[in-house]
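A.B. asks: Dropping a prediction and its sequence here:
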Amino acid sequence: MNVKVILYILVLPLVMYALDGVNINFIFKKNKVVQARILYIMLGLIITYLLVSFIYDFYDVSKIIQG
């Protein structure tokens, strides 16, 4: 299995757990639950992508440095 896929599987639940601690309800109008959930999911996926890219690039560069 690809290393990136494993990282996505491991990082996504952590990001969603971390986002659960953030109160974003004050941003939305009343009765806009669907839009709030969509934004919540999009933010989770975006942060997951950025974090996995960082971890994978860091891992890739550290392999080059070690020889």
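C.D. replies: Received, thanks. Residues are numbered from 1 along each chain as shown.

A.B. asks: By residue count, which helix of the chain is the longest?
C.D. replies: For the chain, the longest helix by residue count, based on DSSP state H, is helix 33-66.

A.B. asks: center of this protein - which residue?
C.D. replies: Centre of the chain computed as the mean C-alpha position; nearest residue by CA atoms, centre = their mean is T48, 2.0 Å away.

A.B. asks: And it, what's its pLDDT?
C.D. replies: Confidence at T48, expressed as pLDDT, is 98.

A.B. asks: Any figure for the gap between it and V5?
C.D. replies: Noted for T48: a distance of 12 Å to V5, by CB to CB, to the nearest Å. Glycine gets a C-beta too; all of them are placed from N, C-alpha and C.

A.B. asks: just L45 next, same as before
C.D. replies: Per CB to CB, L45 is found 14 Å from V5.

A.B. asks: Those two: which has the busier surroundings?
C.D. replies: Counting neighbours by other CB atoms under 10 Å for L45 and for V5 shows that L45 has the greater number, 14 against 10.
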